[in-house]
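J.: Pasting the sequence and the predicted coordinates here, then a few questions.
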Amino acid sequence: MTVQLRPYQSRAVAETLAYLQRGCRGVAVESPVGSGKTTMGMSVVKTLLDAGKRGAWLAHRVELCDQASERAALYGIPHGRVMPGHEIGPERFHICSVDTLAARLGGICDWLESLDFIFIDEAQHIVASGWNGVVSAAVRAQRVGLSATWFRLDGRGLGEGNHFDRIVQCPGSRDLTAMGYLAPAIVYSPPTDLDMRSVPKLGGDYKLSDMAAEVQRAQLAVIGRRWYARHAPGQPALVFCPTVEMAEASAAAYRAAGWSAQSVDGTMSARERAAAVKGLASGRIQILTSVSLLGEGFDCPEIAVAILERPTESTSLFIQQIGRALRPHPDKSHAVILDLVMNTARHGMYDAPRPWTLEGGLKGLERQVAPTSRCVRCWRVHEKADHCPGCGCGYPKAKKGALDTVWHLPSIAGRRPEVVAAMTLQDAVEIATSRRDMEAIAELKGINDRGWVDRAMQRTGIAGRQAAE
Ligand SMILES: [Zn+2]
């Protein structure tokens with residue numbers, strides 16, 4: 001059977017094949033959530049198999065393997081599966097759980113060495129140790145990595161280990177929305193009692209136990225259910241929580257308000273999880289709460305609401321979670337995002353174009369996006385403007401230097417604006433790495449002198465460095 005590709009998908013498939021035919025090591029395909037990366041990937045796989053090659057598709061969740069398997073079947077691609085209870089078969093193409101491959105690594109080296117190509121789904125995980133061992137053992141194989149978010153919290157480059165040397169980019173989330181391939185979303189960030197300022201970080205993100213305690217204290221589900229009733233009553237919703245216990249408590253809080261809500265976690269079988277998702281699609285269940293099981297690569301176009309109850313410093317996690325609500329569906333004109341944890345203030349709009357590279361060492365680069373504004377009348381969050389697109393109210397001109405008016409500023413050289421605000425001007429200038437940083441510092445410090453940014457750029461040598469690049 002033939003699968004009809006969208007024009008941008010055909011282009012990405014052709015570019016990927018062209019790079020592979022030229023013998024490149026690996027192609028990193030940037031494909032936003034909902035752009036059809038599995039479809040594009042299988043189209044490339046089919047061409048490679050038709051040319052007589054052997055290969056494998058690697059994913060880290062059963063659901064992702066199932067999706068790939070379904071898509072392969074649509075293309076009429078015969079394939080084996082490697083996962084608990086399934087062995088390598090005679091087929092030239094296998095869809096594999098990375099964990100299973102990693103666990104069997106000693107016994108399957110010959111097979112891995114025989115592969116001509118490997119596809120890596122959600123390739124941002126590739127530098128994780130289990131993945132790296134498996135991918136490195138496929139010594140001859142050309143790699144194709146698929147991901148919506150080619151950046152990691154730890155700032156490590158995904159070109160590390162020479163897995164990838166070429167990039168293919170699909171249109172971004174915003175462009176796909178304009179083309180009608182993704183549903184637009186309205187983001188609200190209602191006021192809550194959450195205060196993350198004293199929550200410590202661990203490995204780049206908030207330390208789970210302290211973060212969970214603060215979220216618990218702030219009783220976010222109570223606020224969430226009020227806003228759910230106001231903006232999307234009864235619509236299929238996902239709630240993202242810090243821990244399994246809190247996902248259960250959150251589901252109970254929504255049930256107490258009269259909604260049909262259930263929590264989903266890793267102790268459930270794949271079948272139970274699938275049943276819960278089906279219940280959401282059919283309307284039997286209105287709200288599913290989880291930690292992250294439903295966050296990545298999970299496909300249910302009926303979902304119209306994402307409720308964020310988990311603050312995170314990971315831009316990738318933030319985008320993946322919101323992405324669940326963006327599949328177009330005839331029953332929804334737009335998705336509603338209830339951001340109860342100020343993730344949008346941290347990371348910018350979910351659909352903002354984000355810079356990234358395959359090289360490491362540029363931690364926080366993905367956050368270099370347009371700043372946002374938050375309406376204090378309807379609590380809508382949007383890209384900075386002089387009025388609210390929701391209720392139409394105009395914003396007063398920000399008073400320079402007042403911290404509470406600059407919360408919308410993005411991080412400055414990887415540091416949060418309130419941290420930079422607490423620094424001396426001289427220290428703040430020293431950490432700046434770009435004009436954007438310098439402009440944000442000027443705003444934080446209430447510097448009205450128009451020439452100051454230029455002079456600071458010259459004085460610190462950033463202007464010269466940027467001109468040389
Ligand atoms: Zn408003």
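T.: The structure has been received and is ready for your questions.
J.: For the rest of this, base every contact and every neighbour count on C-alpha atoms.
T.: OK.
J.: Might you report the residue contacts of Met196?
T.: Met196 makes contact with 211, 214 under the criterion C-alpha atoms under 8 Å, 6 or more residues apart in numbering.
J.: Assign it to helix, strand or coil.
T.: Put simply, Met196 is coil when judged by DSSP: H, G, I helix; E, B strand; the rest coil.
J.: how far away is it from the ion?
T.: For Met196, the distance to the ion equals 25 Å [C-alpha to the ion, to the nearest Å].
J.: what's the pLDDT at that residue?
T.: Met196 carries a pLDDT value of 89.
J.: so Ser434 sits right up against Gly461, yeah?
T.: No - using C-alpha atoms under 8 Å, Ser434 makes no contact with Gly461, being 10.2 Å away.
J.: nearest residue to the closest residue to the ion within the stretch 151-300 of the chain other than its sequence neighbours?
T.: Closest residue of the stretch 151-300 of the chain to the ion, C-alpha to the ion: Tyr188 (9.4 Å). Spatial nearest neighbour of Tyr188, excluding adjacent residues (C-alpha to C-alpha, 6 or more residues apart in numbering): Arg380 at 4.3 Å.
J.: wait, what's in contact with the residue of the stretch 151-300 of the chain closest to the ion?
T.: Tyr188 touches 336-339, 378-381, counting by C-alpha under 8 Å, 6+ apart.
J.: Which ones among the residues you listed also lie next to the ion?
T.: Within the set of the contacts of Tyr188, contact with the ion (C-alpha under 5 Å from the ion) is found for Cys378.
J.: Between the contacts of Tyr188, which sits nearest the ion?
T.: The ion lies nearest to Cys378 out of those, by C-alpha to the ion, at 4.1 Å.
J.: host element of that closest one?
T.: Under the criterion DSSP states H and E, no helix or strand holds Cys378.
J.: quick one: the residue nearest to it when sequence neighbours are not counted and the ion, what's the gap?
T.: Once flanking residues are discounted, Cys378 sits nearest to Cys391: 6.5 Å by C-alpha to C-alpha, 6+ apart. Distance, Cys391 to the ion, using C-alpha to the ion: 4 Å.
J.: follow-up on the earlier one: can you tell me who the residue of the stretch 151-300 of the chain closest to the ion pairs with across the strands?
T.: On the basis of DSSP bridges, Tyr188 is bridged to Leu338, Arg380.
J.: Check what pLDDT it gets.
T.: At Tyr188, pLDDT is 97.
J.: residue boundaries of the strands in the stretch 351-469 of the chain?
T.: Ranges of strands in the stretch 351-469 of the chain, per DSSP state E, counting those that start in this stretch, are 372-374, 380-383.
J.: Residues contacting the shortest one, please?
T.: Taking contacts as C-alpha under 8 Å, 6+ apart, the residues outside strand 372-374 that touch it are 189, 344-345, 348-349, 380-385, 388, 408-409.
J.: So between Ser434 and Gly461, which is more surrounded?
T.: In this view Ser434 and Gly461 are compared by other C-alpha atoms under 10 Å, and Ser434 has more residues nearby, 16 against 12.
J.: Domain-wise, how is the chain divided?
T.: Domain ranges of the chain: 7-171, 183-354, 403-468, per automatic domain parsing.
J.: Spell out which parts of the stretch 351-469 of the chain neighbour the ion.
T.: By the rule C-alpha under 5 Å from the ion, the part of the stretch 351-469 of the chain lying against the ion is 375, 378, 388, 390-391.
J.: Any of these buried? List them.
T.: 375, 388, 390 (16 or more other C-alpha atoms under 10 Å).
J.: In CSV: the residues you listed, plus pLDDT.
T.: Shown next, in CSV, are these (pLDDT from 0 to 100):
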residue, pLDDT
Cys375, 88
Cys388, 92
Gly390, 92
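J.: show me where pLDDT drops low in the stretch 1-150 of the chain?
T.: 1-2, 127, 129 (pLDDT under 70).
J.: For the ion, what is the nearest residue in it?
T.: Counting by C-alpha to the ion, the stretch 1-150 of the chain gets nearest the ion through Val33, at 27.6 Å.
J.: All good on my end, thank you.
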